[in-house]
Structures are given as structure tokens and as C-alpha cells.
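Participant: here is a sequence with its predicted model. Questions after.
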Amino acid sequence: MADRELKGEGRRAISIFGSTGSIGRNTLDLLERDPAAYRVEVLTANHNAAQLAEQARRVGARMAVVADPDRYGDLRAALSGSGVEAAAGPDAVAEAAERPVDWVMSAIVGAAGLAPTLRAVRSGAVVALANKETLVCAGDIVMAEVARCGATLLPVDSEHNAIFQVFDFARPQRVEKIILTASGGPFRDKDMGFMEAATPDQAVAHPNWSMGAKISVDSATMMNKGLEMIEASHLFPVSESAIEVIVHPQSVIHSMVAYQDGSVLAQLGSPDMRTPIAYSLAWPDRMPAPVEKLDLARIARLTFEAPDPVRFPALRLAREALQGGGAIPTVLNASNEVAVAGFLDRRIGFLDIARVVEDTMEAAPGGTITTLDEILEMDAWARRRAAERMTAAAAQ
Ligand code: NAD
Ligand code: MG
């Protein structure tokens, strides 16, 4: 892109939604290594006004938005004298996504990221998407908006970023399948008895990746891979049956594309999200990233195994949601968000997460849904239903 086209006065103007999270902080880490190249427009957080204000001052952001309206006073106080504009509330977060920038990182966790992501798509910015729940909850609508606006959506999720790098979009009919790799999470070797009693601390202790609490629990249940199958179905022109999952505990191969001539193309790298973030930041170019370079001789062995459907029922539930389509992925995602929050609050056990999701999916009304309002209604219904089911589980 020529400099004169940039919205940041010769620098690239950047907004980060969810800047206080794991992906948000990794994104800032890359930007701060080359301050002459970037100007930060908007940073957002959920509750943590102090951390948000500190980030905004540090990088000279134009605006900081905290989603929790009760933190507005804290944010204003923490930003006083800085010249950074402060705002609060979910609507302010979504509106901030309309401010003109060149590149947006969508890294809010959960369906709360849907509204800002849709606004960013409509704004004409390149949108780097980490927030997979947005595609699981409302993938048809988001992708239709991407097509209608001629937007560029770049997948940051490491598996989808890997596939994006090796998928022949000009000849999708030559692709036989895409293969998502899964680390298997912290409970890959554990039995059902261990998992029944597993604590939040055990579930968030991921062997390879350092991530936010919600996605770490999703990795432990393997719902993360289930969400990623649905995410992949929206990002790549392949049928449901052409999306496979394989457990690869080293997390070195980030995913693969199998072609009809027997070739399988993979993208490899150290498990560090700064590689896919850097890819999406520099795309279609590449940039240096401060990651540990892959040392295959030291790693020595890459291993693979089939996922266990008995210990990880979330994979089956996500496959059913993918096959069923309509409102079911929305219900899967919303009930999973509620159940994971309940587990992290120690209100339900680890294995109850999939039980709550399955029960909510079974109770869900069928039929197609097409509008955003219908999706939001279904999302709200599933959250209520899952919360009721969780109260019942906790009482047992
Ligand atoms: P995180 O919990 O570390 O950070 C989440 C961010 O979203 C924080 O800034 C938080 O303040 C904000 N947030 C949370 N709830 C919000 C709400 N209701 N409204 C507005 N803002 C809210 O999570 P993370 O690990 O950075 O993950 C972010 C997204 O990226 C998730 O969708 C996750 O699945 C995806 N992702 C993360 C990784 C990773 O390595 N961390 C890898 C692939 C994909
Ligand atoms: Mg992933």
C-alpha cells in the first residue's frame, strides 16, 4: 500500500479490540517494535481500565474504550492529561470500530466481539480475526458482509492462518481436505475420573500455548477444535466432510491442506501467536517476528494420534452443529461460553461443560435463521437455557 493511502498520516492506522488480552498484548508487542510504522487509533478492554489506560498512554492511542460502563470514571481518571479520548459501554466499543483505520485486530473473546467485528468489516479496514466465536455464532452473516463490502478478513487463529497460507484459493476443487491440528490440551492423557474432578487451574495450564482463560478451557475440553472446525467451514470453500482434526501434541505443524494428487502442504512454526499476527499485519508481505525459530533437530519427533471422542464429546457436539447448521452453531457457542464461565467460577465441574452444551443443543428450536436479530435472540435464549441447566447441575 502506498504511503499516501494510509489513514495514519504516513503510518498505518491500527485499532485493537481486546488489547488487554493475550492476543491484544502480543499485537501491541509487534507494533511497539516499529513505532515509526504504526499509529494506534483505538484500544479496548472489558473491565481493566488501569491496564487499558497504561497501554493507551504508552502507544499514544487516540481513544480507549472500556466495555464495562461502571469503569468509565476509572478510565477517565487514569487518562487525565494524556489527550487520549475515553469512552465506555458495549455500544461505544462497537462504534469505535467505525473509526477509519487501515488494520483492525479483532481479539475480544466470545460473541461480544461480533458487533465490533461487523462494524470493522463495513469500515473498509483489513480485519485480522482472532475472535473465532464471531464466526461460530454468526458466520454466514459475517462472511456475507465481507463479500458485500469487498473487505479483507485475515484469519489469525494459528490453524486457519496456516491453512490460509497453503490453500490454493484459485483451485479449491483440487483440495481434498483440510486437516486441523490440535495439541490435545492439558488433559490429552488423563482419564475420565481425573477430568471429572479437574480444577480451573489444571484446565488453563496449557502445555504449549499461553492464552486467555476461556480458550484455554476450550482447549482442555477440545471444544476449541470444534469451534475451529466451524470457523474453517466459513473461511475456506470446503464441505463439512472435508474438515478433519488430528491430535499433534508438539503444536509445530499448525494445520495442513491435502490435495487430490496426494500432496499435503503444511505450515510449521514455534507455538507463538506473534507469527500468525505478524503474517496478518504484513499481509500480503512478510515482516520479521521476534519468535523462537523452529529447530527441528532439537524437536526431533512430531507425533500424531486420532482424537478420542469418548473423553472429548465437545468435538462430536461441534461436528453435529456444523452438520445441522442454522441456529445450532450459535447455540453451541453461547451455551459453551456460559458453561466455561460457570466452570471457571467453580459452579460446575469440568465434564459438566459438554453436558450443559449438549442439553442446550437438544432443547434448541430447529429451523433456519437468517437475520442478525434472529441470531442475537437465539444467542440470548441459549445463554438463559444453559444458565438454568447449570443451576440444576450445581444443585446435584
Ligand atoms: P483474553 O481473555 O486474554 O482477552 C480477551 C480480551 O477481550 C481482553 O482484552 C478483554 O478485556 C476483552 N473482553 C472480554 N470480554 C469482553 C466483552 N464482553 N466486551 C468487550 N471486551 C471484552 O483472550 P485471548 O486469549 O486473547 O483470546 C481472544 C480471542 O482470540 C478469542 O476469541 C480466542 O478464541 C482467540 N484466539 C486466541 C489465541 C491465543 O493464543 N490467545 C489463539 C487463537 C485464537
Ligand atoms: Mg487455534
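Facilitator: That came in fine, so what should we check first? Numbering: from 1, shown residues only. Ligands and ions are numbered 1, 2, ... in the order given.
Participant: from here on, just use CA atoms for contacts and neighbour counts.
Facilitator: OK.
Participant: what's residue 357 in contact with, if anything?
Facilitator: Going by C-alpha atoms under 8 Å, 6 or more residues apart in numbering, residue 357 touches 317, 332, 335-336, 339, 386.
Participant: as CSV, these with secondary structure and neighbour count would be great.
Facilitator: Converted to CSV, the contacts of residue 357 look like this (DSSP: H, G, I helix; E, B strand; the rest coil; neighbours: other C-alpha atoms under 10 Å):
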residue, secondary structure, neighbour count
317, helix, 22
332, helix, 33
335, helix, 31
336, helix, 27
339, helix, 27
386, helix, 30
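Participant: now, which of those sits nearest ligand 2?
Facilitator: If you rank those by distance to ligand 2 using C-alpha to the ion, residue 336 comes first, at 16.4 Å.
Participant: not counting its neighbours along the chain, what's nearest the closest one?
Facilitator: Among residues not flanking residue 336 along the chain, residue 357 sits closest, at 5.7 Å (C-alpha to C-alpha, 6 or more residues apart in numbering).
Participant: can you pull out the helices in the stretch 151-300 of the chain?
Facilitator: 158-166, 192-196, 200-204, 213-221, 223-235, 274-282, 296-299 (DSSP state H, counting those that start in this stretch).
Participant: now do the stretch 1-150 of the chain
Facilitator: Going by DSSP H, counting those that start in this stretch, the stretch 1-150 of the chain shows helices at 22-32, 49-59, 72-79, 90-96, 114-123, 132-149.
Participant: is ligand 1 contacted by the fifth one?
Facilitator: Spelled out, that is helix 114-123. No - residues of helix 114-123 are not located near ligand 1 by C-alpha under 6 Å from any ligand atom, the shortest gap being 9.1 Å.
Participant: the third one too?
Facilitator: No - legend: contact between helix 72-79 and ligand 1 by C-alpha under 6 Å from any ligand atom is lacking; minimum distance shown is 13.3 Å.
Participant: between the helices of the stretch 151-300 of the chain, which one is closest to ligand 2.
Facilitator: Of the helices of the stretch 151-300 of the chain, nearest to ligand 2 by C-alpha to the ion is helix 158-166, at 4.9 Å.
Participant: give me the helices and strands touching the closest one, please.
Facilitator: strand 153-155, strand 175-182, strand 253-259, strand 264-268, helix 274-282 (3 or more C-alpha pairs under 8 Å, 6 or more residues apart in numbering; DSSP states H and E).
Participant: how long is stretch 58-66 end to end?
Facilitator: 17 Å (C-alpha to C-alpha, to the nearest Å).
Participant: close to ligand 1, is it?
Facilitator: No - shown here: stretch 58-66 not in contact with ligand 1 (C-alpha under 6 Å from any ligand atom), separated by at least 7.3 Å.
Participant: looking at that stretch now, give me its mean pLDDT.
Facilitator: Taken as a whole, stretch 58-66 has a mean pLDDT of 98.
Participant: now the farthest one out in this structure, which residue is it?
Facilitator: residue 81 (34.4 Å; C-alpha atoms, centre = their mean).
Participant: ok so, going back, deepest of the helices of the stretch 1-150 of the chain, which one?
Facilitator: Comparing the helices of the stretch 1-150 of the chain by mean neighbour count (mean count of other C-alpha atoms under 10 Å), helix 114-123 ranks first with a mean of 22.
Participant: that one versus helix 132-149: what angle between them?
Facilitator: Inter-element angle recorded for helix 114-123 and helix 132-149: 30 degrees (by axes from the mean of the first three to the mean of the last three C-alpha atoms, to 10 degrees).
Participant: would you put the C-alpha positions of helix 114-123 in CSV?
Facilitator: Only the C-alpha atoms of helix 114-123 are listed here, as CSV (Å, rounded to 0.1, in the frame of the first residue of the first chain):
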residue,chain,number,x,y,z
LEU,A,114,-19.5,-9.8,16.9
ALA,A,115,-20.7,-6.2,16.8
PRO,A,116,-17.3,-4.5,16.6
THR,A,117,-16.1,-7.1,14.0
LEU,A,118,-19.1,-6.4,11.8
ARG,A,119,-18.5,-2.6,12.0
ALA,A,120,-14.8,-3.1,11.3
VAL,A,121,-15.7,-5.2,8.2
ARG,A,122,-18.0,-2.4,7.0
SER,A,123,-15.4,0.3,7.7
